[in-house]
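Asker: pasting the sequence and the predicted model now:
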Amino acid sequence: MPIETETARVTAEFDVVDESDLIRVRKVLRTEAQATGLGLVDTTKLITAGSELARNILNYATDGRGRLTVEQVVHRGRRGVRATFGDAGPGIEDVDLAMTDGFSSRGSLGLGLPGARRLVDDMSLESAAGSGTTVVIVKWQR
Ligand SMILES: Nc1ncnc2c1ncn2[C@@H]1O[C@H](COP(=O)(O)OP(=O)(O)O)[C@@H](O)[C@H]1O
Ligand SMILES: [Mg+2]
């Protein structure tokens with residue numbers, strides 16, 4: 001199941017700038033997952049992945065500022081939730097390295113990005129030094 005879809009409808013969109021937005025991210029992803037008919041386990045996986053990506057915005061983007069867009073998507077009759085975490089921060093110079101288990105530029109666990117990838121059905125990461133970072137995750141109905 002691809003990350004590009006036939007049908008996409010934006011259901012939530014807001015800036016991520018502080019801790020209270022992390023709570024909002026979790027809440028919105030829960031609501032959207034349930035509205036899409038994802039099970040409890042998949043819902044929790046989506047929320048966990050989204051929390052890590054939102055946390056990265058607070059930690060690494062310029063002024064800890066970014067934006068979340070959530071969409072209800074449909075592909076071949078199957079519904080899913082797609083969440084896009086974008087920022088205009090410093091970007092990631094070596095994306096492959098950043099995706100490696102245990103790599104952190106800050107001495108933290110370094111499991112956010114690779115962990116998020118494992119928790120969702122698909123994830124795309126576009127970034128380059130100086131041009132910001134966009135991470136898209138999608139979770140499909142079973
Ligand atoms: N939005 C982002 N902007 C810039 N760099 C990022 C961003 N997200 C992740 N990174 C870089 O990727 C590394 C790995 O991220 P992650 O796997 O979440 O581990 P951690 O947050 O524990 O360092 C980070 O240490 C950071 O250097
Ligand atoms: Mg992280």
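Answerer: Arrived safely, thanks for sending. Ligands and ions are numbered 1, 2, ... in the order given.

Asker: how about Ser105, secondary structure?
Answerer: Of the three states, Ser105 takes coil according to DSSP: H, G, I helix; E, B strand; the rest coil.

Asker: and the helices in the protein?
Answerer: Per DSSP state H, the chain carries helices over the ranges 19-36, 40-60, 95-98, 112-119.

Asker: touching the longest one from outside, list them.
Answerer: Spelled out, it's helix 40-60. 16-19, 21-22, 25-26, 29-30, 33-34, 38, 64-66, 68, 81, 83, 85, 87, 89-90, 105-106, 111-113, 115-117, 119-120, 123, 133, 135, 137, 139, 142 (C-beta atoms under 8 Å, 6 or more residues apart in numbering). Quick note: C-beta positions are derived from backbone N, CA and C, even for glycine.

Asker: among those residues, which are in reach of ligand 1?
Answerer: 87, 89-90, 105-106, 111-113, 133 (C-beta under 6 Å from any ligand atom).

Asker: what about whatever residue of the chain ends up closest to ligand 2, how many neighbours?
Answerer: Of all residues in the chain, the one sitting closest to ligand 2 is Gly112 (2.7 Å; C-beta to the ion). Counted with other C-beta atoms under 10 Å, the neighbours of Gly112 add up to 20.
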